[in-house]
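Enquirer: Next one to model:
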Amino acid sequence: MTDADDSVPVEQLSYTEASRELDSIVSFFEQREVDVDVLVARLERATALIDELDRRLRRTRAQVEELVPRLETLAAEAGGDAGGEGDE
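Expert: Predicted coordinates:
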């Protein structure tokens, strides 16, 4: 992770980018002794990344929970009696 990564707001990162950056921070802590000032900055960034990733996961879960029943209904309507044998 470079200092430039910190300049991008976490909300602008893709889920994958945020996850990779968080992994990089964890690796950074595991591989070396860290200056206290750097520690605080990296922990703040990690916390922001975790919060953003959690928010996105919750939003995605809510969308999936809303969409799955609708898809099941559409599939049942489209399948009807044709090709739906043995499903009941």
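Enquirer: And residue 63, how close does it get to residue 18?
Expert: 18 Å (C-beta to C-beta, to the nearest Å). For glycine as for every other residue, the C-beta is placed from the backbone atoms N, C-alpha and C.
Enquirer: and what of residue 66?
Expert: Going from residue 66 to residue 18 by C-beta to C-beta gives 24 Å.
Enquirer: These two: who's more crowded?
Expert: Between residue 66 and residue 18, counted using other C-beta atoms under 10 Å, the more crowded position is residue 18 (20 against 9).
Enquirer: any idea which helix or strand carries that one?
Expert: Using DSSP states H and E, residue 18 falls within helix 15-31.
Enquirer: Show me what that helix is in contact with.
Expert: Contacts to helix 15-31, defined as C-beta atoms under 8 Å, 6 or more residues apart in numbering, come from residues 1, 5, 10, 13, 34, 39, 42, 45-46, 49-50, 52-53, 56.
Enquirer: Which secondary structure element is home to the spatially most central residue of the chain?
Expert: With distances taken as C-alpha atoms, centre = their mean, the chain has residue 53 as the residue nearest its mean C-alpha position (4.1 Å). Here residue 53 sits within helix 36-79, counting by DSSP H and E.
Enquirer: what packs against that helix?
Expert: With contacts taken as 3 or more C-beta pairs under 8 Å, 6 or more residues apart in numbering; DSSP states H and E, helix 36-79 sits against helix 15-31.
Enquirer: where in the protein is pLDDT low?
Expert: Along the chain, segments meeting pLDDT under 70 span 1-5, 81-88.
Enquirer: Could you rerun that using 80?
Expert: Within the chain, the segments meeting pLDDT under 80 span 1-6, 32, 80-88.
Enquirer: ok so, going back, next up, the contacts around the residue nearest to the centre of the chain.
Expert: By C-beta under 8 Å, 6+ apart, the residues touching residue 53 are 15, 18-19, 22.
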